[in-house]
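Asks: sequence first, then the predicted structure, then my questions.
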Amino acid sequence: MMFNSVGAEDLLVLFGTHTAGPGRGFAIAHFDTKNGVLTRPELLLEASEPAYFILTRGEQRLYTCNSPGFMSAYAVEPSTGRLTFLNQEPTAGGDPSYISLDKTEKYVSVANYQGGSIATWALKPDGSLGRRTAFIQHTGHGIDHIRQTHAYAHSIIVDPSNRFVLVADLGLDKLFVYKFDVTNGSLTPNPAYISVAPGSGARHVTFHPNGHWVYLVTEMGNTVHLFDWDGKRGILTERQSISTLPKDFHGVSTSAEVKVSPDGRFLYTSNRGHDSIAVFSLDPKSGRLTPVQDIPSGGKWPRNFEFDPGGHWMIVTNHNSNNAAVFRIDRETGKLTAVGKPVEVPFPPFSPRFVEPLP
């Protein structure tokens, strides 16, 4: 289906999925930035398990992990959300779970979850996927005989200087640092890496907007770790570890996403099982976290969430409820307030992404 062009207060929102088959792929909805109303997402384009995906600056290209073991590139028409397939490439490992761009947007990197590996590709001038420039296989296992039977690379991001890449490996309980050479797209090991508690499962990692602090969420440990980042040497120094769950919760839960608000004042994580979003305030001098709120996510198994470009709204995708919930963000306290009822999505949703129309 096709949407009409958006208005001044209207944004498009794209959704992916971890499922395949007829009627599965990318969905699209409208979001009203004035009152927080999200329309019911409708199928935009069939695709094979486009789970975690990203957009370039200006939203004119989209890159997605396809869980069967490949990645795809699309051109985006920002005013309508229309996707045009460019090409796809195998990711050299099973179940790619995370994809990211370098700062020049000339390279794209993937973390292969089942494959326990990472890889980088150069992008062609038209935005399509070019040659592979790097591949690194992780080896080993953790103490969890079910979840950590081998390496499980779960996320990969470049640092603000574009000289290093950080990789969280759930199977090895480590946050690795690699040197990144923007002239040729190569990755080489940096001697420094960080280990987290055995069995905790390093999952997603993100930088604070100031570029000096790094936050890592552990999946089975349900913790957020704060690190100071030495951007000259590529060294992490741990400063804090704090639970993502309330003290009175004793059930089973796993943390998923971690993001810092655009203004750098708050941090948010999603908890699957407790089915909540945890909110933390950040100390402006140290980056240390203080719990502010935990609020029901509006469904079951909240996996991903995203801020609108203005930082006033959050959309949460509840994977096991096939819905998306909208929350208003209090810019002074960071607290979330649910807006309306969760909106049904035609398939288990992943990765909500806002599309801003070109000026």
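Replies: Now that the structure is in, tell me what you want to look at.
Asks: just for the stretch 201-350 of the chain, where's the confidence low?
Replies: By pLDDT under 70, the stretch 201-350 of the chain contains no weakly predicted segment.
Asks: now do the strands in it.
Replies: Under the criterion DSSP state E, counting those that start in this stretch, the stretch 201-350 of the chain contains strands at 202-207, 213-218, 223-230, 235-243, 254-260, 266-272, 276-282, 289-296, 302-307, 313-318, 323-329, 336-344, 349-355.
Asks: other SSEs contacting the first one?
Replies: Under the contact definition 3 or more C-beta pairs under 8 Å, 6 or more residues apart in numbering; DSSP states H and E, strand 202-207 sits against strand 153-158, strand 164-169, strand 174-181, strand 213-218, strand 254-260. Heads up, the C-betas are built off the backbone N, CA and C, glycines and all.
Asks: the same query, at a cut-off of 6 Å, please.
Replies: strand 153-158, strand 164-169, strand 213-218 (3 or more C-beta pairs under 6 Å, 6 or more residues apart in numbering; DSSP states H and E).
Asks: what comes into contact with that strand?
Replies: Here strand 202-207 makes contact (C-beta atoms under 6 Å, 6 or more residues apart in numbering) with 154-155, 166, 168-170, 173, 175, 196, 214-219, 258.
Asks: equivalent analysis for the fourth one, please.
Replies: For strand 235-243, the surrounding residues in contact (C-beta under 6 Å, 6+ apart) are Ala192, Ile194, Asn222, Thr223, Val224, His225, Leu226, Phe227, Asp228, Arg288, Leu289.
Asks: and what of the third one?
Replies: Outside of strand 223-230, the residues within contact range by C-beta under 6 Å, 6+ apart are 212, 214-217, 236-244, 287.
Asks: contacting residues for the residue lying closest to Tyr107 once chain neighbours are set aside?
Replies: If the residues on either side of it in the chain are set aside, Tyr107 comes closest to Gly185, at 4.9 Å by C-beta to C-beta, 6 or more residues apart in numbering. Gly185 makes contact with Tyr107, Thr120, Ala122, Thr133, Ala134 under the criterion C-beta under 6 Å, 6+ apart.
Asks: so which of those residues are in strands?
Replies: Within these, residues falling in strands by DSSP state E are Tyr107, Thr120, Ala122, Thr133, Ala134.
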